[in-house]
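Visitor: Let me see the structure of the following:
(2 chains)
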Amino acid sequence: DQQVKQNSPSLSVQEGRISILNCDYTNSMFDYFLWYKKYPAEGPTFLISISSIKDKNEDGRFTVFLNKSAKHLSLHIVPSQPGDSAVYFCAASGSEKLVFGKGTKLTVNP
Amino acid sequence: SAVISQKPSRDICQRGTSLTIQCQVDSQVTMMFWYRQQPGQSLTLIATANQGSEATYESGFVIDKFPISRPNLTFSTLTVSNMSPEDSSIYLCSVPTGEGYTFGSGTRLTVV
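Guide: Numbering: from 1, shown residues only, chains lettered A, B, ... in the order given. Predicted coordinates for the structure are as follows:
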């Protein structure tokens, strides 16, 4: 049973436009959510996080939105750049352990 | 945040053999996590390694198959034992740091 789901395996956007990556979770005990970016042959790199007491967190071009009632979070990247092309993982935690989604491969076209 | 050196970066191994993966952290950390990413799948937690105590394994993972050592607060190893092609995956170590968790660069294992 997958507790964290990223239903879009891939997403393609034009440079300068907005990228929206979505994530759904089922476990109501999760209280901390993270997004990671992964390039080939590298480990995941922490991008941004949000606590369940917030509904939005912003860091430069990256904004994460949390809708607790819908058990849904999204990552917005504005404006998208070709260097943002990578696999993005959503992760959730209710303790020290992280539960990951399967990832969404983002391609930003010049 | 912490910097993790993970070795080897990749290996091709014969079935029935074992491979030991090492992670060295540039600072002392209490907890270290080991993950597996099978092709097309998410990262799955194998076990949590605490210094001075036995590792805690997640459901579906056993110590005989994935023995872990944690001799000090900066180092850990994961051994993949008696390998089969189904063990072909990326293996990663991770430590909690600040807002998130820092990961090693991963070990891409292919079992033939």
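
Visitor: How far away from the center of its chain is the lowest-mean-pLDDT helix or strand in chain A?
Guide: Among the helices and strands of chain A, strand A:98-100 carries the lowest confidence by mean pLDDT, DSSP states H and E, at a mean of 93. Relative to its parent chain, strand A:98-100 has a centroid offset of 12 Å by CA atoms, centre = their mean, to the nearest Å.

Visitor: next one: stretch A:100-110
Guide: With CA atoms, centre = their mean as the basis, the mean position of stretch A:100-110 lies at 9 Å from the chain mean.

Visitor: swap in stretch A:95-107?
Guide: Chain-centre distance of stretch A:95-107: 7 Å, with CA atoms, centre = their mean.

Visitor: so how many other residues sit close to the nearest residue to A:Lys102 once chain neighbours are set aside?
Guide: Sequence neighbours aside, B:Ser42 is the residue nearest to A:Lys102 in space, at 4.5 Å (criterion: CB to CB, 6 or more residues apart in numbering or on different chains). (Glycine included, C-beta is placed from N, CA and C.) Applying the criterion other CB atoms under 10 Å in any protein chain shown, we find 21 residues in the vicinity of B:Ser42.

Visitor: dump the residue contacts of B:Ser42.
Guide: A:2, A:4, A:89, A:100-103 (CB atoms under 8 Å, 6 or more residues apart in numbering or on different chains).

Visitor: List the pairing partners of the least confident helix or strand of chain A within its sheet, with orientation.
Guide: The sheet places strand A:98-100 alongside strand A:86-93 (antiparallel), with pairing taken from DSSP bridges.

Visitor: Can you list the buried residues in stretch A:2-11?
Guide: Neighbour-count burial for stretch A:2-11, with 16 or more other CB atoms under 10 Å in any protein chain shown as criterion, is recorded at A:3-6, A:11.

Visitor: Between the two ends of that stretch, how far is it?
Guide: In stretch A:2-11, first residue to last residue: 21 Å (CA to CA, to the nearest Å).

Visitor: quick one: that stretch to chain centroid distance?
Guide: On the basis of CA atoms, centre = their mean, stretch A:2-11 sits 10 Å off its chain's mean C-alpha point.

Visitor: what sits up against it?
Guide: So stretch A:2-11 is contacted by A:19-27, A:30, A:88-92, A:99-107, B:42 (CB under 8 Å, 6+ apart).

Visitor: which of those are buried?
Guide: When burial is judged by neighbour count using 16+ other CB under 10 Å, the buried members of those are A:19-25, A:30, A:88-92, A:99-104, A:106, B:42.

Visitor: Show me where chain A has its helices.
Guide: If DSSP state H is used as the criterion, chain A turns out to lack helices entirely.

Visitor: who in it is up against chain B?
Guide: In this structure, chain A approaches chain B at residues A:2, A:4, A:34, A:36, A:41-46, A:49, A:89, A:91, A:96-103, judged by CB under 8 Å from any CB of the partner chain.

Visitor: Please name the residues that touch the spatially closest residue to A:His72 that is not a sequence neighbour.
Guide: Nearest in space to A:His72, with sequence neighbours left out and distances taken as CB to CB, 6+ apart, is A:Asp24 at 5.3 Å. A:Asp24 is in contact with A:4-7, A:70-72, counting by CB under 8 Å, 6+ apart.
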